[in-house]
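Q: need a 3D model of the following:
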Amino acid sequence: MYVQWEYMSTESITKLQEVGILGWELVSVTCCNQAERYHLKRPLPTLREQITLEQRADLNQQSMVEAEQ
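A: Numbering: from 1, shown residues only. Got it, this is the predicted structure:
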């Protein structure tokens with residue numbers, strides 16, 4: 001099995017810190033016109049993981065609706 005990757009770039013140190021918690025990995029830093037740009041990657045969830053994440057989100061949504069009633 002091979003890993004598929006998702007990529008993202010940002011110029012914000014704050015954003016860099018936030019996405020690190022979400023599993024993003026810093027792979028390179030570039031500098032252009034005195035501005036640093038951070039390039040990140042993280043593994044895409046497998047189909048099985050994606051379904052699980054969607055089911056969890058649906059259950060959380062249902063729980064919130066039921067709690068409001």
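Q: burial count for Tyr38?
A: Using other CB atoms under 10 Å, the number of residues around Tyr38 comes to 19. Any C-beta I mention is one placed from the backbone N, CA and C, and that applies to glycine too.
Q: who does the helix or strand harbouring it pair with, and is each partner parallel or antiparallel?
A: Assigned by DSSP states H and E, Tyr38 belongs to strand 35-43. Using DSSP bridges, the strands paired with strand 35-43 are strand 5-10 (antiparallel), strand 25-32 (antiparallel).
Q: which parts of the first one are buried?
A: To tie it back to what came earlier, the one meant is strand 5-10. Within strand 5-10, the residues scored as buried using 16 or more other CB atoms under 10 Å are Thr10.
Q: what's that strand in contact with?
A: Contacts with strand 5-10, where a contact means CB atoms under 8 Å, 6 or more residues apart in numbering, come from 16, 19, 24, 37-44.
Q: what's the answer for the longest one, then?
A: The set of residues external to strand 25-32 that reach it, using CB under 8 Å, 6+ apart, is 16, 20, 36-42.
Q: closest to Ile51 among these?
A: Comparing these against Ile51 with CB to CB places Arg42 closest, at 18.4 Å.
Q: which residues touch the closest one?
A: Each residue near Arg42 by CB under 8 Å, 6+ apart is listed here: 5-6, 22-25.
Q: for stretch 56-69, C-alpha coordinates in PDB please.
A: The C-alpha trace of stretch 56-69 is given here as PDB (Å, rounded to 0.1, in the frame of the first residue of the first chain):
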ATOM      1  CA  ARG A  56     -18.100  10.400  13.600                       C
ATOM      2  CA  ALA A  57     -19.000  13.900  12.400                       C
ATOM      3  CA  ASP A  58     -22.600  12.700  11.700                       C
ATOM      4  CA  LEU A  59     -22.900  11.200  15.200                       C
ATOM      5  CA  ASN A  60     -21.600  14.400  16.700                       C
ATOM      6  CA  GLN A  61     -24.100  16.500  14.800                       C
ATOM      7  CA  GLN A  62     -26.900  14.200  15.800                       C
ATOM      8  CA  SER A  63     -25.900  14.400  19.400                       C
ATOM      9  CA  MET A  64     -25.900  18.200  19.300                       C
ATOM     10  CA  VAL A  65     -29.400  18.200  17.800                       C
ATOM     11  CA  GLU A  66     -30.700  15.800  20.400                       C
ATOM     12  CA  ALA A  67     -29.100  17.800  23.200                       C
ATOM     13  CA  GLU A  68     -30.900  20.900  22.000                       C
ATOM     14  CA  GLN A  69     -34.300  19.200  22.200                       C
END
